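K.L.:
dropping a prediction and its sequence here:
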Amino acid sequence: MQSFRTELENPIVEQDIIDLERKIRAFREGKIHDEKFRSLRLARGVYGQRQPGVQMVRIKLPFGKVTFKQLLKIADISDEYGSSNLHLTTRQDIQIHYVSLDRTPQLWAELEQDDITLREACGNTVRNVTSSPTSGVDPLEPFDVSPYAQATFEYFLRNPICQEMGRKFKISFSSSEADTAFAYIHDVGLIPKVNEAGERGFKVLLGGGLGAQPLLASAVEEFLPEDQLIPYIETIIRVFDRYGERNNRNKARLKYLIQKIGLDEVLRLAAEERTAIKVKTWPINRDSVPQPVIPPLTIYPRVPISNPLRYEQWLVTNVFEQKQTGFYGVYVKVPVGDIPTDIARKMVAAIQPYAADEIRITQNQGLLLKYVRKEALPALYEGLNALNMAAPGFDSIADVTTCPGTDTCNLGISNSMTMAKVLEDVIFNEYEDLIYNREIKIKISGCMNSCGQHGLAHIGFHGSSLKAGTRVLPSVQVMLGGGTVGNGEGRVAERVIKVPSKRATHVLRAVLDDYKTLSPEGETFHAYYDRQGKDYFYRLLKPLADLTTLTDDEFVDWGHQETYVSAIGVGECAGVIIDLVATLLYESEEKLGWANGAYAKGLWSDAIYHSYNTFISSAKALLLDKGVNSSTQAGVIREFDAHYVSTGEIDINGTFNDLVLQINKNEPSEEFATAYKQQATDFLEAVKVKREAVLQS
């Protein structure tokens with residue numbers, strides 16, 4: 001552990017990593033309960049795999065930005081600690097698999113040397129802040145949203161208000177009304193706007209989400225001034241933290257809170273939080289994201305094009321002219337989002353002479369290279385082609401998005417990675433003219449949770465299983481008609497029919513053949529789907545759901561040789577509920593320590609929120625002694641009054657509600673922080689006395 005102290009310049013990060021190492025040691029010694037430890041490591045980007053004894057480590061890259069040096073460092077880390085592979089995610093992260101838990105602190109420390117973090121990449125936190133990969137170079141953008149995404153990432157990282165929410169919280173910034181960052185399926189989705197006075201702001205969408213029950217976000221602000229962006233998001237998160245579900249993880253997203261109490265009530269509660277938030281305005285430093293280093297103008301080598309047809313296809317589908325005159329953006333299609341580390345290194349060497357030192361990971365698990373001059377395109381193409389990374393059809397129907405599925409994920413029901421490759425082969429071999437179609441999207445998830453975004457696909461599949469007699473076979477739920485409309489509007493794909501997994505190729509052929517035959521030129525897939533209707537597609541695909549014609553091969557999943565067995569592990573993508581009395585009291589002590597630490601640094605708002613969490617954890621501990629397990633923080637406050645204050649068991653000179661909710665009625669001043677922290681200290685001591693009396697009785 002001494003190496004962390006001497007090698008890292010940031011003392012906050014250094015302490016974070018040291019703390020993880022200590023918690024791992026305590027877990028190994030049996031001093032920390034497994035569920036508590038799981039929650040802690042998830043918030044540090046360490047996620048249990050399907051395979052026992054190893055972890056997936058998720059690297060949090062704000063809006064998908066990674067430099068050449070950082071990518072090479074991640075490749076080195078994957079070689080040293082993982083499986084020598086980089087997996088690109090739909091949230092613009094990079095994942096490394098097969099990592100030993102005990103080595104994660106050292107792995108993290110080495111990444112931080114190049115300003116790369118794991119913090120809050122998983123768990124019940126604000127996840128990676130995403131944006132359109134083209135932000136900064138998009139010809140359609142009113143302004144570059146990258147600095148706003150960076151500021152949001154920085155503000156909420158390690159912020160006390162969002163460390164242990166009921167579930168994850170997702171924020172996206174689209175670069176234009178084309179909404180390529182899918183604002184409509186995020187907890188907070190943002191689309192840039194410029195008003196008549198020339199001022200910058202955002203259209204705000206609230207409460208979207210995919211998962212097993214997709215819901216589209218609601219537009220709540222048509223123009224939120226840029227300096228109100230972060231204060232506004234903070235008020236929403238504070239409401240979600242206090243009133244969001246915590247026991248039933250299937251109902252614990254912001255979208256369900258909005259369903260439960262109504263959008264107007266959520267916005268009213270958020271307005272009440274304005275008094276308590278740290279800042280009332282937050283001007284954005286528009287220069288916070290440095291401009292990438294562009295290769296100097298030079299005479300580029302003349303190279304023969306090995307496959308002229310493929311090159312012309314690549315130019316049409318993978319290359320676009322940036323808003324900066326004379327420069328081009330180049331997309332790199334990455335099948336199933338996997339890049340072996342040796343290929344990653346060769347790729348950096350191949351692109352470095354021709355592209356700016358800033359790669360963006362895209363939401364469909366590819367890469368975007370920026371600031372390429374027209375004269376450099378042939379040499380860049382040949383360099384990528386030598387690595388099999390110059391396939392045309394980026395973000396087209398031939399570019400299938402997928403989650404890892406049963407390859408590594410605990411929740412995977414059926415394979416998605418191999419299926420994606422097979423479906424892409426169908427397109428390239430049988431429907432090559434469709435590689436120019438960037439309207440239709442195919443997306444696959446290994447289960448219903450939509451990590452592969454099947455819920456917003458034109459043609460989507462999610463893993464499932466079917467029973468045929470006494471046997472079980474892998475299957476897929478077919479989803480049709482979803483996708484982006486624009487300016488914050490989207491469509492959720494409809495469940496049409498469930499078929500054996502090995503028939504996914506037949507589903508694709510049936511839908512595409514019908515579309516090509518019956519759809520007039522110029523008709524969008526959405527218009528075609530709406531015109532035909534869901535029942536039409538059910539009847540079209542029903543013969544493929546006939547289980548009387550099954551072959552032995554259909555009991556074997558894609559990419560496997562053994563007969564399928566449905567095996568689902570314990571999911572970790574949203575953390576766990578901790579309801580052990582001793583653990584909660586331990587947490588209360590820890591949170592009070594954080595309050596004292598923040599107070600000593602003059603961070604009044606942080607000290608106040610840590611004190612608030614001390615109140616909640618302490619009260620919940622005592623409630624559990626009475627068998628009361630409230631599902632929200634607001635419920636804990638209410639139940640504590642009912643079971644302890646009104647009965648006279650705990651005397652706090654008033655109600656617990658009035659005591660705790662001083663937090664949203666006072667400015668975060670030194671005076672209030674001093675008083676509130678002392679009240680939390682006194683309350684924790686009273687709870688410990690009461691708890692000891694219960695144990696002795």
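P.N.:
Cool, got the structure. Numbering: from 1, shown residues only.

K.L.:
got the contact list for the residue most central in space within the chain?
P.N.:
With distances taken as C-alpha atoms, centre = their mean, R91 lies nearest the centre of the chain, 4.7 Å away. When contacts are counted by C-beta atoms under 8 Å, 6 or more residues apart in numbering, R91 is found next to 127-128, 130, 170, 363. The C-beta positions use only the backbone N, C-alpha and C, and glycine is treated the same way.

K.L.:
one more time with 7 Å, if that's ok
P.N.:
127-128, 130 (C-beta atoms under 7 Å, 6 or more residues apart in numbering).

K.L.:
which single one of the residues you listed is nearest to Y564?
P.N.:
Y564 has its nearest neighbour among the contacts of R91 in R127, at 31.7 Å by C-beta to C-beta.

K.L.:
you'd agree that closest one is up against K170?
P.N.:
Yes: between R127 and K170 there is a contact at 5.3 Å, judged by C-beta atoms under 7 Å.

K.L.:
what mean pLDDT does the strand or helix carrying A151 have?
P.N.:
Per DSSP states H and E: A151 is located in helix 146-156. If you average the pLDDT over helix 146-156, you get 98.

K.L.:
off-centre distance for it?
P.N.:
Helix 146-156 sits 15 Å away from the centroid of its parent chain (C-alpha atoms, centre = their mean, to the nearest Å).

K.L.:
remind me what that helix packs against, helices and strands.
P.N.:
Judged by 3 or more C-beta pairs under 7 Å, 6 or more residues apart in numbering; DSSP states H and E, helix 146-156 is in contact with strand 171-173, helix 229-243.

K.L.:
ok, P142 - how many residues close by?
P.N.:
By other C-beta atoms under 10 Å, the residues close to P142 number 15.

K.L.:
confirm it sits in a strand?
P.N.:
No: P142 is assigned coil when assessed by DSSP: H, G, I helix; E, B strand; the rest coil, not a strand.

K.L.:
mind checking how far it is from F223?
P.N.:
Using C-beta to C-beta, to the nearest Å, P142 is found at 12 Å from F223.

K.L.:
overlap in contacts of those two?
P.N.:
K193.

K.L.:
returning to what we had before: now render the helices and strands packed on helix 146-156 as CSV, adding mean pLDDT and distance to L20.
P.N.:
Formatted as CSV, the helices and strands packed on helix 146-156 follow (pLDDT from 0 to 100; distance: least, C-beta to C-beta, whole Å):
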stretch, mean pLDDT, distance to L20
strand 171-173, 98, 25
helix 229-243, 98, 23
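
K.L.:
most packed of these?
P.N.:
strand 171-173 (a mean of 28; mean count of other C-beta atoms under 10 Å).

K.L.:
parallel or antiparallel, which strands does that strand pair with?
P.N.:
strand 130-131 (parallel), strand 188-194 (parallel) (DSSP bridges).

K.L.:
so after the longest one, what's the next helix or strand?
P.N.:
Next in sequence after strand 188-194, counting helices and strands by DSSP H and E, comes strand 200-206.

K.L.:
mind listing what's buried along the helix or strand following that next one?
P.N.:
Beyond strand 200-206 on the C-terminal side, the first helix or strand identified by DSSP H and E is strand 218-225. Within strand 218-225, the residues that qualify as buried are 218-221, 224, counting by 16 or more other C-beta atoms under 10 Å.

K.L.:
from these, pick the one nearest P290.
P.N.:
Checking the buried residues of strand 218-225 against P290 by C-beta to C-beta gives L224 as the nearest, at 26.1 Å.

K.L.:
gap between the closest one and T517?
P.N.:
L224 is 46 Å from T517, by C-beta to C-beta.

K.L.:
distance to G481 added to the helices and strands packed on helix 146-156, as JSON lines?
P.N.:
Formatted as JSON lines, the helices and strands packed on helix 146-156 follow (distance: least, C-beta to C-beta, whole Å):
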{"stretch": "strand 171-173", "distance to G481": "22"}
{"stretch": "helix 229-243", "distance to G481": "30"}
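
K.L.:
quick one: which of the ones you listed is nearest T325?
P.N.:
Closest of the helices and strands packed on helix 146-156 to T325 is strand 171-173, at 24.5 Å (criterion: C-beta to C-beta).

K.L.:
can you list the domains in this structure?
P.N.:
The chain breaks down by automatic domain parsing into domains covering 2-112, 130-275, 308-385, 401-555, 581-696.
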